[in-house]
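*Asks:* The sequence and its predicted three-dimensional model are supplied below.
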Amino acid sequence: MNEPFYATLKLITGEEVLAEAILSEENGVEFFLLNGAITIEEKTTIDQDKGVASSGLTPKKWPLFSSDDLTIVYKDKVVTITELDTYGRKFYHKALATARVSNPVKRKMESNEHTGYLGSTKDIRDMLERIYREDYIE
């Protein structure tokens with residue numbers, strides 16, 4: 001198995017994604033398993049009065065509304081992939097932290113909204129039959 005590395009991937013969609021990547025293969029199909037994938041959006045503003053242009057970089061989680069940090073990208077969807085240098089890795093880690101904080105899915109959620117296992121089908125069926133009997137049979 002290959003070792004994970006920090007990479008920038010250019011996809012056939014035109015997106016450029018930064019992530020920790022590992023090349024993998026299953027049933028003869030190669031894919032990249034991406035951990036902590038983000039995109040960087042450049043925003044430029046121009047102050048007409050001062051004649052000054054300024055730009056900034058905004059990191060965003062990719063895919064934006066995913067609740068998981070792992071993403072699979074098939075190798076045939078990648079135009080090019082390059083390993084990040086030391087500067088790129090440092091930038092990626094800072095940008096990833098910013099993207100995680102600003103991600104709408106990763107914000108604090110009330111525990112009663114996401115409770116997981118709620119019961120068995122048999123328990124629910126018994127409860128519904130009991131309610132039916134109480135309301136309609138008696």
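*Replies:* Arrived safely, thanks for sending. Residues are numbered from 1 along each chain as shown.

*Asks:* If I look at Thr82, what pLDDT would I see?
*Replies:* Per-residue pLDDT puts Thr82 at 97.

*Asks:* what's the answer for Arg130, then?
*Replies:* Reading off the model, Arg130 has pLDDT 82.

*Asks:* Also Lys50?
*Replies:* Per-residue pLDDT puts Lys50 at 87.

*Asks:* So Arg125 versus Asn103, what's the distance?
*Replies:* Plainly put, Arg125 is 39 Å away from Asn103 if you go by Cβ to Cβ, to the nearest Å. From N, CA and C alone the C-beta is placed, and that goes for glycine too.

*Asks:* Which other helices and strands does the lengthiest helix in the chain contact?
*Replies:* Scanning the chain for the helix with the most residues, using DSSP state H, yields helix 86-102. In terms of contacts (3 or more Cβ pairs under 8 Å, 6 or more residues apart in numbering; DSSP states H and E), helix 86-102 is packed against strand 5-11, strand 16-26, strand 29-47, strand 52-61.

*Asks:* redo that, cut-off 6 Å
*Replies:* When contacts are defined as 3 or more Cβ pairs under 6 Å, 6 or more residues apart in numbering; DSSP states H and E, helix 86-102 packs onto strand 29-47, strand 52-61.

*Asks:* I'd like the mean pLDDT over stretch 88-102, please.
*Replies:* Averaging pLDDT along stretch 88-102 yields 92.

*Asks:* In CSV, could you pull the C-alpha coordinates for the lowest-mean-pLDDT helix or strand in the chain?
*Replies:* In the chain, the helix or strand scored least confidently by mean pLDDT, DSSP states H and E is helix 121-132, which has a mean of 79. Listed next in CSV are the C-alpha coordinates belonging to helix 121-132 (Å, rounded to 0.1, in the frame of the first residue of the first chain):
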residue,chain,number,x,y,z
THR,A,121,-38.7,-2.5,14.2
LYS,A,122,-40.4,-5.0,16.5
ASP,A,123,-40.5,-2.5,19.4
ILE,A,124,-42.0,0.2,17.2
ARG,A,125,-44.5,-2.2,15.7
ASP,A,126,-45.6,-3.3,19.2
MET,A,127,-46.0,0.3,20.3
LEU,A,128,-48.1,1.2,17.2
GLU,A,129,-50.3,-1.9,17.6
ARG,A,130,-50.9,-0.9,21.3
ILE,A,131,-51.8,2.7,20.3
TYR,A,132,-54.2,1.4,17.6
